[in-house]
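**Student:** model this:
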Amino acid sequence: GRTPGIVLCCTRMSPRSLGSLARLLAGRTPGTAMLRCSLHTVARPAAPRRLLGFAWVRYNSTFPQDRIRNVAIIAHVDHGKTSLVDQLLQQSGAVNVKEERVMDSNTLEKERGITIFSKCATVTVTRGDITYKINIVDTPGHADFGGEVERVLSMVDGVVLVVDANEGPMAQTKYVLQKAMRAGKRAVVVLNKVDRPGAIQRASAVESELFDLFALHMVNDDQLEYPTLYASARQGWAVTTLDGVADATAITGTMQPLFDAIIGKVPGPAGSRDEPFSFLVTQLEANTFLGKCVTGRVHAGRVRVGDTVVALDKDSGKIADGRVTKLFMRQGLDQITCEEAAAGDIVTVAGFPMCTVNHTLTAPGGTALPGTPVDPPTLAMTFGVNDSPFAGQEGSMLTSNMILDRLTRECDSNVSIQIVKTGSDAIEVRGRGELQLGVLLETMRREGFEIAVSSPRVLLRKADDGTTLEPIEELTLDLDIEHSGLAIEKLSQRKGDMKSFDETEGRARIVFEIPMRGLIGYQREFKNDTRGTGVMNHRFHSWAPHRGTLEIPRKGVLVASAAGDCTVFALENLEERGILFVGPATKVYMGMIVGEHSRDQDLDVNPAKAKHLTNVRSVIKDDFVKLTPPRQMTLETAMSYIQEDELIEVTPTSVRLRKKLLDPTRRRAAARPKKE
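**Tutor:** Just a heads-up that it's a prediction; the model follows:
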């Protein structure tokens with residue numbers, strides 16, 4: 001079939017000798033084993049009968065356990081993690097075509113240039129006379145997708161921490177390192193982008209910052225004995241020292257030092273292959289022919305195709321019995337079938353559609369493995385049925401049951417997402433941040449869903465003494481000195497506490513601890529205040545007592561008072577009232593938000609008002625009117641813009657803003673203070 005293999009064809013050899021030769025080949029070549037041996041006699045004219053033997057040696061999982069390395073690549077966003085993985089795959093021979101970001105196969109990942117989902121690849125590296133198999137797991141770099149990192153840590157025995165040599169440890173660097181240290185993982189540090197100007201001079205300071213982080217989060221002393229390499233993932237080299245190097249652009253080499261560090265410092269997988277089989281589900285995959293498949297690491301024992309296995313849940317106990325129908329391993333980026341998997345292997349198992357993340361597959365009579373603890377969600381949004389006048393015109397997935405089924409499937413594969421049904425047509429979705437929920441919404445709209453989404457709401461909790469707690473974020477700003485004053489002023493208004501201020505060559509790095517609700521909507525303001533030159537990153541820090549009411553001013557909005565197509569005549573007059581979100585010929589309905597008012601109050605307007613023609617006024621004059629281009633409201637921008645009385649209408653082709661109550665009379669009645 002498609003499984004790589006070797007066929008031996010031998011003549012004048014006894015069956016015993018043929019079997020010995022095949023077993024010798026299987027023993028000298030890691031990752032192979034003899035499957036079967038057969039003998040045939042062939043008659044030739046005018047010649048004696050000769051014995052012809054065949055032996056098939058096919059790839060399977062009998063790779064020696066001490067020659068397997070399972071490692072995760074972790075880093076802050078945009079520190080070069082995915083580029084590093086590209087070089088590891090190319091230089092090991094796993095990928096022949098030199099293509100950038102080969103691991104980011106999802107459409108959204110390619111469009112946004114970030115890693116969203118964890119993915120695994122396998123490479124083989126020869127060190128001396130010994131061949132090692134390295135399972136590389138690429139993880140997301142953004143804090144909102146930290147749940148992917150937490151799950152992956154249960155599959156690996158070590159991590160490669162990639163840090164930008166110029167920027168140093170950032171918010172997500174601290175987060176992922178803390179998780180890895182608490183899980184007891186050994187680390188290999190890679191200072192990336194040392195070929196950039198000033199990186200070599202700053203490398204020693206970054207190393208000191210990293211050592212402080214390791215000392216703060218270490219579980220045992222061995223974790224402080226980590227190797228440090230200096231690399232340029234873009235150029236494809238890594239070195240163990242920069243002594244005597246003044247210009248890193250002159251360095252040439254390969255990634256072999258990094259392979260050597262992984263083999264030498266990351267321990268082999270624990271667990272005995274002689275014990276009963278146990279396997280923890282870490283990820284879910286969809287196969288066109290086999291349906292739902294589960295991916296994870298074999299913690300102990302062996303499993304073969306056809307074995308009877310029990311699915312367990314740590315809380316509820318036994319789920320069901322099943323039979324392993326297929327086993328898959330990775331060879332480079334490709335999945336290949338195998339007959340057997342053993343302790344230390346990362347495999348995909350088919351035949352258990354009832355399983356989800358953190359479930360255990362074990363031999364009959366086994367016990368459930370402890371699941372990976374995941375930090376709770378901190379942000380919630382309500383997903384509801386789209387009930388606007390344009391409902392059903394652009395999408396095909398419209399009902400609340402369809403939305404609920406889709407969100408339930410998402411929860412099965414993403415443990416950091418939670419759903420709570422709050423009404424007949426409304427579902428509260430809880431996640432880590434605006435980006436994670438925005439990616440979920442973008443994925444659903446591309447699948448044909450129409451959804452009405454509320455504004456983000458921060459989740460609160462109660463302490464044991466009854467105190468209300470709220471999530472606090474550690475915010476890191478990198479910006480020009482001239483913009484620092486305005487940023488500090490605005491963040492102080494949002495209940496932020498400044499923890500540090502460092503200045504280097506006209507740039508400042510400011511660290512704040514700020515309530516998560518204070519960050520909602522600030523990303524857009526920060527970009528405008530810094531003229532697009534500032535960089536903002538944040539991560540979850542802790543739960544702290546509620547800091548009181550936030551008074552974040554926002555201008556009122558322009559609300560359409562009638563349905564129709566926007567006209568140039570109406571929009572020209574409305575430009576004096578504020579900033580428009582719609583252009584000419586855009587279809588609007590009553591209650592739809594068409595712009596931002598220049599004052600604090602909402603204003604009902606008619607963007608579809610037409611010019612009444614007379615013998616004096618002519619419609620041709622509109623052809624020469626120059627309107628200001630409307631502000632394009634993306635999904636993430638809309639999520640941070642709307643307030644409690646507003647909704648986002650998300651469809652496959654449009655993102656619209658609207659009021660919850662479309663009728664202006666009902667809105668005014670709801671705004672009046674209620675009589676006691």
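
**Student:** so where do the helices sit in the stretch 451-600 of the chain?
**Tutor:** Under the criterion DSSP state H, counting those that start in this stretch, helices of the stretch 451-600 of the chain are mapped to 484-493, 522-529, 568-574.

**Student:** and for the stretch 151-300 of the chain?
**Tutor:** Going by DSSP H, counting those that start in this stretch, the stretch 151-300 of the chain shows helices at 171-182, 199-217, 256-265.

**Student:** need the winner for burial among these.
**Tutor:** Sort the helices of the stretch 151-300 of the chain by mean neighbour count, taking mean count of other Cβ atoms under 10 Å, and helix 171-182 sits at the top with a mean of 22. Backbone N, C-alpha and C define where each C-beta goes, glycine included.

**Student:** just to revisit the earlier point, mind checking which of the helices of the stretch 151-300 of the chain is nearest residue 492?
**Tutor:** With Cβ to Cβ, the closest approach to residue 492 among the helices of the stretch 151-300 of the chain belongs to helix 171-182: 19.7 Å.

**Student:** what mean pLDDT does the closest one get?
**Tutor:** Average pLDDT, helix 171-182: 81.

**Student:** please apply the same query to stretch 414-433.
**Tutor:** In this model, stretch 414-433 has a mean pLDDT of 84.

**Student:** can you check stretch 321-340 too?
**Tutor:** Average pLDDT, stretch 321-340: 86.

**Student:** of all residues in this protein, which one is nearest the centre?
**Tutor:** Per Cα atoms, centre = their mean, the C-alpha nearest to the average position across the chain is that of residue 116, at 2.4 Å.

**Student:** which residue, other than its chain neighbours, is closest to that residue?
**Tutor:** Of all residues not flanking residue 116 in the chain, residue 109 sits nearest, at 5.2 Å (Cβ to Cβ, 6 or more residues apart in numbering).

**Student:** same for the helix or strand where that neighbour lies, what does it pack against?
**Tutor:** Assigned by DSSP states H and E, residue 109 falls within helix 107-112. When contacts are defined as 3 or more Cβ pairs under 8 Å, 6 or more residues apart in numbering; DSSP states H and E, helix 107-112 sits against helix 434-446.

**Student:** contacting residues around the helix it packs on?
**Tutor:** Contacting residues not belonging to helix 434-446 are listed as 107-108, 116, 142, 144-145, 379, 381, 395, 397, 403, 406, 410, 416-417, 429, 431, 451, 453, 456, 520, 635-636, 639-640, 650-652 [Cβ atoms under 8 Å, 6 or more residues apart in numbering].

**Student:** one more time with 6 Å
**Tutor:** When contacts are defined by Cβ atoms under 6 Å, 6 or more residues apart in numbering, helix 434-446 is touched by residues 144, 381, 431, 635, 636, 639, 650, 652.

**Student:** setting aside sequence neighbours, what's the nearest residue to residue 235?
**Tutor:** Leaving out its chain neighbours, the residue that sits closest to residue 235 by Cβ to Cβ, 6+ apart is residue 195, at 6.2 Å.

**Student:** correct me, but the one you found touches residue 230?
**Tutor:** No. Counting by Cβ atoms under 6 Å, residue 195 does not reach residue 230; the two are 9.5 Å apart.

**Student:** looking at these two, which is more packed in?
**Tutor:** Taking other Cβ atoms under 10 Å, residue 195 and residue 230 do not tie; residue 230 has more neighbours (26 against 20).

**Student:** which residues touch that one?
**Tutor:** 191, 194, 239, 242.

**Student:** could you report the pLDDT at the last one?
**Tutor:** As summarised for this prediction, residue 242 has a pLDDT of 79.

**Student:** okay, now it: neighbour count?
**Tutor:** By the criterion of other Cβ under 10 Å, residue 242 has 18 neighbours.

**Student:** now do the second one
**Tutor:** Burial measure for residue 194: 27 neighbouring residues, criterion other Cβ under 10 Å.

**Student:** quick one: the strands in the stretch 351-500 of the chain?
**Tutor:** Along the stretch 351-500 of the chain, the segments classed as strands by DSSP state E, counting those that start in this stretch run 360-362, 379-385, 418-421, 426-431, 451-453, 457-458, 461-462, 468-480, 497-504.

**Student:** about what we covered before: now rank the contacts of helix 434-446 by neighbours and give me the top one.
**Tutor:** Counting neighbours by other Cβ under 10 Å, residue 431 leads these with 27 neighbours.

**Student:** pretty sure the residue nearest to residue 116 is touching residue 118, no?
**Tutor:** No. Taking contacts as Cβ under 6 Å, residue 109 lies outside contact range of residue 118: 11.4 Å.

**Student:** neighbour-wise, which of the two wins?
**Tutor:** More crowded of residue 109 and residue 118, by other Cβ under 10 Å: residue 118, with 22 against 19.

**Student:** so what's that one up against?
**Tutor:** Contacts for residue 118 (Cβ under 6 Å, 6+ apart) come out as 137, 139, 148, 152.

**Student:** tell me how many other residues crowd the first one.
**Tutor:** For residue 137, the count of nearby residues is 27 (other Cβ under 10 Å).

**Student:** pLDDT at it, what is it?
**Tutor:** Residue 137 is given a pLDDT of 87.

**Student:** looking only at pLDDT, what's the mean for stretch 557-564?
**Tutor:** Averaged over stretch 557-564, pLDDT sits at 91.

**Student:** output that stretch as PDB, nothing but the C-alphas.
**Tutor:** What follows is stretch 557-564 as a C-alpha-only set of coordinates in PDB (Å, rounded to 0.1, in the frame of the first residue of the first chain):
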ATOM      1  CA  VAL A 557     -24.000  56.300  17.300                       C
ATOM      2  CA  LEU A 558     -26.100  57.200  14.200                       C
ATOM      3  CA  VAL A 559     -29.000  54.900  14.000                       C
ATOM      4  CA  ALA A 560     -31.000  54.400  10.800                       C
ATOM      5  CA  SER A 561     -34.700  55.400  11.200                       C
ATOM      6  CA  ALA A 562     -35.900  53.900   8.000                       C
ATOM      7  CA  ALA A 563     -35.100  51.000   5.600                       C
ATOM      8  CA  GLY A 564     -33.700  51.400   2.100                       C
END
